Structures are given as structure tokens and as C-alpha cells.
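*Asks:* Quick check, what structure comes out for this input:
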Amino acid sequence: MIYKFTFSCEEGDPNFRRVFEASADATFLELHEAILKSVGYPDDQMTSFFLCNDEWEKGQEITLVEMDSNFEYDNMVMNETHLNDLIEEQGQRLIYVFDPMFERYFFGSLKEIKPGSMTGVECVESRGKAPKQLKSEDPLAGINAGKGNDDFMFDDEFKDEYDLGDIDMEGFQDLSFDDGTMF
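*Replies:* Numbering: from 1, shown residues only. So this is what the prediction gives:
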């Protein structure tokens, strides 16, 4: 069987659309790689797929790497999960998180299931320009990563409310995630 998916985005170019044909037994990793290739994004983010209901509410997550979870759904990994393991009927909705920091998505739908065979996933239609993969700022969160040398910049409202001299930046240097003690 061949699955035909359509992906769009609510931001940026209103004509943005990508259509993919995929072998039903292709993995979510193959779909992920085809999406990245079609929009020119590097493969350096912790992207995920989510199966969604008709109201676009998130259900089962399929992650790029194995993650510990205590959620109601099993942990599923892209390279181990085939499309036909989870997607069985036309109209199935899914979202592809391309910017995990600001939870920005491509909205996808299985438009057609047709007989035939193929290998992997192929982009068969590419219209419009994809939005930038990563935002450099979010005014609602007070994050602005595009200014100065600092890894994290505080917005003006934060600076007015708090004296940055009172923040002990040296105390943060001892934090290390390399030893695995955080998890």
C-alpha cells in the first residue's frame, strides 16, 4: 500500500504545502527525513510526531529518540515505528513538531491510501516557502536569543523588575547533565 500525506502550516506563506507518498511500511524516521529534506531544515532538533483526533488534540507521540515516560501512551521511537503500525485509515491526522522550543507544527493528514508498492518516502509536491525552523525570540516568554553574546537574554521587563547583579550566574556553572544525575 502507498500512503499519501499532505502537510501544511498556519504561519508564514499561505501557499506552503508538502505532499508525500510513502510505503505503508516505511518508518516515521523516513517520513521525518523526507520532511526535513523538502523544507531544507537541518536534522538537529528533537522533533516529534503526534497522532491527533479530528480536533487536532495530541494523542500518541512518536519521538526521534527513546525517552522515559510515565504518560498514558507507550514510548514509540521513529526508527522503530512503521507508518502502518499506527496509521490505518484515510483522514488520520498528525502533527510534526519542527520547532520544539516554541511548539511549532506542520499539520498533516493521510489523504489517500492506494494500492501499489514503493520504497521509503518521497516528496511528490512542494509549494510555497517553509517558515524558518527556529524562532529566535518569543515576546510572550521574554526570550530573545538573537542579541549579544549571552546564551540567554532577559527581556527589558525582567530587567526592570529584577537586578541582574543579584543573579548568581556562577552558581549555574556547576550544573551538568553529563553525569545523568538529573534523570
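
*Asks:* looking at the chain, which helix or strand does the model trust least?
*Replies:* For the chain, scoring each helix and strand by mean pLDDT, DSSP states H and E identifies strand 143-144 as the least confident one, at a mean of 48.

*Asks:* and Gln109, what does it touch?
*Replies:* For residue 109 the amino acid is Ser, not Gln. Neighbouring residues of Ser109 by C-beta atoms under 8 Å, 6 or more residues apart in numbering: 5-6, 91-94. The C-beta positions use only the backbone N, C-alpha and C, and glycine is treated the same way.

*Asks:* now Lys129
*Replies:* Shown in contact with Lys129 (C-beta under 8 Å, 6+ apart): 12-13, 16.

*Asks:* swap in Tyr96?
*Replies:* Counting by C-beta under 8 Å, 6+ apart, Tyr96 touches 7, 32, 35, 47-49, 105-106, 108.

*Asks:* Next one, pLDDT for it please.
*Replies:* At Tyr96, the model reports a pLDDT of 97.

*Asks:* What count of nearby residues applies to the residue nearest to it when sequence neighbours are not counted?
*Replies:* The shortest distance from Tyr96 to any non-neighbouring residue, by C-beta to C-beta, 6 or more residues apart in numbering, is to Phe106 (4.4 Å). When neighbours are defined as other C-beta atoms under 10 Å, Phe106 has 23 of them.
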